[in-house]
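3D model of this:
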Amino acid sequence: MINKVIIIGRLTRDVELKMTSSGIPVCSFTVAIDNRMSRDAQEKTTSFINCVAWKATATVSYTHLTLPTKLEEKIS
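Just a heads-up that it's a prediction; the model follows:
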């Protein structure tokens, strides 16, 4: 079984890149997603999704994701 998540939103801060003690790159960032309660409702809520990427994905994320960026992440 394969799980797939698609996240569409905005970065809330710059991507942080760190290395583990064994030299593996890991980065973290947060994505803000606006949610409407219903079609008729004018009030919006915001969800904050904390994301972590490892190895090559971490390096690419750090290189290409900068503020302001609208994200569409597909995770398989």
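
make it CA atoms for all contacts and neighbour counts henceforth
Fine.

any low-confidence regions in the chain?
Residues of the chain meeting the criterion pLDDT under 70: 1, 37-41, 68-76.

the helices in it, which residues?
When assigned using DSSP state H, the helices of the chain occupy the ranges 55-64.

pretty sure Leu65 contacts Val15?
Yes. Using C-alpha atoms under 8 Å, Leu65 makes contact with Val15 at a distance of 6.8 Å.

More neighbours: those two, which one.
Val15 (21 against 16; other C-alpha atoms under 10 Å).

Enumerate every residue touching the more buried one.
27-29, 61-62, 65-66 (C-alpha atoms under 8 Å, 6 or more residues apart in numbering).

try it again with 7 Å
27-29, 62, 65 (C-alpha atoms under 7 Å, 6 or more residues apart in numbering).

just curious, which of these is nearest to Thr46?
Phe29 (16.0 Å; C-alpha to C-alpha).
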